[in-house]
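Engineer: quick one, structure for this:
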Amino acid sequence: MNKNYFLTGVYGLLLSGLLAHAATAQTTRLDPTFQLPVILNAASPGTVSDVVRQADGKYVIGGAFTSINGVRARNLARLNADGTLDAAFTTNSAANRPVYSLALQPDGSIVAGGVFDTLANVFRPYIGRVLSSGALDLAFTPVVPSTDARVNQVAIAPGGDVLSLTGSQPRYGVTPAGLRRFDGATGQPVPGFTPAVDAVHMAIQPDGKILTAGSAPAYVSTYMVARLLPNGSLDPSFAHRINAFISAVNQVGYAANGEVYMAGNWSGAQLARAELTGPQGRLGTGGLYEATGFAFQPNGRILLRGVPTAAGQPVTSRILPNGQVDGTYVAANGPVNGSVTRILVQPDGAMMMAGSFTLAGTTPVWGLVRMLDANVLSAKNSQAEKGTTAWPVPASAVLNVGLELAARPHRVQLLDALGRVVLAQPVAATTNELALNVAALAAGAYVLRVDYEQAGPVVRRVVLE
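Structural biologist: Numbering: from 1, shown residues only. Now for the predicted structure:
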């Protein structure tokens, strides 16, 4: 069979920047297909505290803002994949005060935490869940004491339970109360969950264990990084104490190879990356850099975020897996001034950066940018890119899809021009070709999306007649 591969580079909202990542000659830059949203808090630039990306490519953002692109938007909003506002969701989901953290559930619902009293225009203090429409999930009714007055972070555990971190400071010398676990269906407290430590940040492992990061006042020895079992008890095989002057670990996370990283400061020095290895959480010999957090890229490189020490300085950087500075990353083209609070690395390699910055390079921005860079994707992603094909062009009754078996494809979808899934089909583990029955679909342009377990999604533009 003569296979005419349709490999058009950019298709509307859903193919933004895809082929740009494969070009090794290109450098760190703004994604030209992402329309920078004008996010304001009254008349000043707004702050985006967190961002999550839906399966259809749309973004949900939370922060402190009152309008986006001139449309009223109260602290929780959704953007289309190209950066334009999803006005219907944004109107439905409004929060009356800032949103600090978001967690996306598999069914498309979004858990939000912050200092709000109302969410989606309904009384729901500090934590709540909105449906994919933006309306409040009335069945999910978690309760956070008013003495905590805020939820700093939310996360989803395996099985669907919701975890939250509350309070402005850890409470030493008292029973830890800031870490809570709620039933994922009802929001009621999970019986028997008793956290052994307080924390300022957490990361949920695939096995359900909870990595926590903490802080301590001067010369107090405590668990700066600990791992808890699903019931909240301390995992004695992994805990690290730090006894130093004004210590804090601001973020903790684990890489694809299972290594645990943390960012913070102790002994008076700013720490951007430290590796914890060994059964007792031994502090490794990773390099020290100025940063307040990190994000992992598919190829093992680590993006660092921080606060500039002078006006006009970049607020991100990147290191190699061995801890050395990555000289190919052009930080000056990214956010400068202000601060970056969240870096979301997409499966296609694009880097969504959120915070309170007002410039990316010399371009005015409003706390949210999408960056592209050549050195992001792993070899497995590149292999999947080459092995994913579609024919004939155009297709009528049947669309044939070629799959990269080594990257373990597990699902194929067709999306229309609005990003809606119009056809979905699971893929058997041994299948390297698939025939999709598209006879019932209207003629026009569509996006073919193949989800790979080891490479993330790969998309192609296809045409039906």
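
Engineer: surely Ser317 touches Ile302?
Structural biologist: No. Between Ser317 and Ile302 there is no contact under Cβ atoms under 8 Å: 9.4 Å. All C-beta spots, glycine's among them, are computed from the backbone N, C-alpha and C.

Engineer: for the two, indicate the residue with more neighbours.
Structural biologist: Ile302 (24 against 19; other Cβ atoms under 10 Å).

Engineer: mind listing the residues bridging to the more buried one?
Structural biologist: Legend: beta-bridge partners of Ile302 under DSSP bridges are Phe296, Ile319.

Engineer: and Val447, by the same measure?
Structural biologist: Leu415, Arg461.

Engineer: give me the pLDDT for it.
Structural biologist: With respect to pLDDT, Val447 has a value of 85.

Engineer: could you do Gly312 as well?
Structural biologist: 78.

Engineer: quick check: nearest residue in space to it, chain neighbours excluded?
Structural biologist: Val336 (5.8 Å; Cβ to Cβ, 6 or more residues apart in numbering).

Engineer: please apply the same query to Arg150.
Structural biologist: That would be Val115: by Cβ to Cβ, 6+ apart, it lies 4.6 Å from Arg150.

Engineer: can you check Gly46 too?
Structural biologist: Closest to Gly46 by Cβ to Cβ, 6+ apart is Phe65, at 3.1 Å.

Engineer: and that neighbour, what does it touch?
Structural biologist: By Cβ atoms under 8 Å, 6 or more residues apart in numbering, the contact list for Phe65 reads Ile39, Leu40, Asn41, Gly46, Thr47, Val48, Ala73, Arg74, Asn75, Ala77, Gly367.

Engineer: next, give phi and psi for it.
Structural biologist: Main-chain torsions, Phe65, degrees, to the nearest 10: phi -160, psi 160.

Engineer: can you give me the helices in the stretch 101-250 of the chain?
Structural biologist: Applying DSSP state H, counting those that start in this stretch to the stretch 101-250 of the chain gives no helices.

Engineer: quick one: low-confidence ranges for it?
Structural biologist: Residue ranges of the stretch 101-250 of the chain with pLDDT under 70: 167-177, 216-223, 239-247.

Engineer: could you redo the last one with a cut-off of 50?
Structural biologist: 169-175, 245 (pLDDT under 50).

Engineer: what do you get for the stretch 251-400 of the chain?
Structural biologist: 268-288.

Engineer: now with 80, please.
Structural biologist: Low-confidence segments of the stretch 251-400 of the chain (pLDDT under 80): 255-292, 306-312, 321-324, 375-385.

Engineer: how does the chain divide into domains?
Structural biologist: Domain ranges of the chain: 24-376, 380-464, per automatic domain parsing.

Engineer: I'd like to know which elements the strand or helix carrying Val412 is packed against.
Structural biologist: Taking DSSP states H and E as the definition, Val412 sits inside strand 409-415. Using 3 or more Cβ pairs under 8 Å, 6 or more residues apart in numbering; DSSP states H and E as the contact test, the elements touching strand 409-415 are strand 421-426, strand 433-437, strand 444-452.

Engineer: just flag the most distant two among the contacts of Phe65.
Structural biologist: Arg74 and Gly367 (15.3 Å; Cβ to Cβ).

Engineer: neighbour count: those two, which is higher?
Structural biologist: Using other Cβ under 10 Å as the criterion, Arg74 and Gly367 rank with Gly367 on top: 29 against 22.

Engineer: which one is the more buried one nearest to, not counting chain neighbours?
Structural biologist: Leaving out its chain neighbours, the residue that sits closest to Gly367 by Cβ to Cβ, 6+ apart is Val48, at 4.3 Å.

Engineer: how far away is that neighbour from Leu102?
Structural biologist: Per Cβ to Cβ, to the nearest Å, Val48 is found 10 Å from Leu102.

Engineer: now the common contact residues for these two.
Structural biologist: In contact with both Val48 and Leu102: Ile61, Gly62, using Cβ under 8 Å, 6+ apart.

Engineer: look at the two and report which has more neighbours.
Structural biologist: The residue with more neighbours, out of Val48 and Leu102, is Val48; 29 against 24, by other Cβ under 10 Å.
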